[in-house]
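Chemist: Generate a structure from the sequence data that follows.
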Amino acid sequence: MWLSKSGIVTVVILTVFYLTLLPFLAHAFELITVGLSAFPWRQTYLFAADQSVGNAAMMLHITAGSVLVALVPLQMVGRIRLRNISFHRGIGSLLVVLALTTGLAGMVYIPLRGTIGGPLMSAAFFIYGFCLFTAALMLARMVFIGNRQGHWEWALRLFWLALGSWLYRVHYTLWYLLTGGLWSEPDFSGSFDLIQNFAFYLPYLVAVQFWIVAHRDAHQGTLPKRLGAW
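Modeler: The predicted structure is shown next:
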């Protein structure tokens, strides 16, 4: 049989993921198209007529973030990661660059424009951008020095952080399906909205840290030479 049971499960998970990702990517493409138009600020609050730096930061954030979330699951597929080292390294390098760009662009945009949800959302999203940027930077450092343990830990953190924008929308979709939008307001001032400011990344980082501690002994050592350089 071409695929093992675990392989079939992986294919199913990836299929479901990419099907749920399609609306997110379509919306991102729409925003990119708007951003490239003559007067994008007339179509969305994300752009402003008098802030070229902020507009450029938002365009970078949307573009890099969309590619990041679309590619990052491929790094966790064992068949790809273990059997095609060159591909793994190439995609890994690209993901680090995309994560650094996404995080930094968001951290530039937020102080200039803020977020629609006000100071709390701005602070939460800035922290998220900082976590994403830091995880990418630390992962690159661990690979550069050949630290297998650090590579594994920071790769897991970056994986879940990279999925943050997708998880944010999944949380809202499920919540609206289950409750009809209870405790959620258009200006993101509802109780659910306030929780969501942090819920799309902090619980996952905590869970990942518990997983790392529980499985740390299995990942000690240094990276093989073929993985220890970019």
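
Chemist: So, low pLDDT: which residues of the protein?
Modeler: Low-confidence segments of the chain, defined by pLDDT under 70: 1-3, 218-230.

Chemist: any idea where the helices of the protein begin and end?
Modeler: Remark: helices assigned in the chain by DSSP state H are 5-35, 52-71, 78-83, 85-113, 119-145, 148-162, 164-179, 191-199, 202-215.

Chemist: Just put the ones you listed in a markdown table and tack on mean neighbour count.
Modeler: Any C-beta I mention is one placed from the backbone N, CA and C, and that applies to glycine too. Listed next are the helices of the chain as a markdown table, based on neighbours: other C-beta atoms under 10 Å:
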| stretch | mean neighbour count |
| --- | --- |
| helix 5-35 | 13 |
| helix 52-71 | 20 |
| helix 78-83 | 12 |
| helix 85-113 | 19 |
| helix 119-145 | 19 |
| helix 148-162 | 21 |
| helix 164-179 | 16 |
| helix 191-199 | 17 |
| helix 202-215 | 13 |
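
Chemist: which residue is nearest the middle of this structure?
Modeler: Compute the mean C-alpha point of the chain, and by C-alpha atoms, centre = their mean the closest residue is A162, 1.9 Å away.

Chemist: thought it was touching L94?
Modeler: No - judged on C-beta atoms under 8 Å, A162 makes no contact with L94 at a distance of 11.8 Å.

Chemist: Determine the number of other residues adjacent to the nearest residue to the residue nearest to the centre of the chain once chain neighbours are set aside.
Modeler: Spatial nearest neighbour of A162, chain neighbours left out: V72 (4.2 Å); criterion: C-beta to C-beta, 6 or more residues apart in numbering. By the measure other C-beta atoms under 10 Å, the count of residues near V72 is 22.

Chemist: list the contacts for V72?
Modeler: Listed by C-beta atoms under 8 Å, 6 or more residues apart in numbering, the contact set of V72 reads L95, L158, F159, A162, L163.

Chemist: State the number of residues packed around L46.
Modeler: L46: 20 neighbours (other C-beta under 10 Å).
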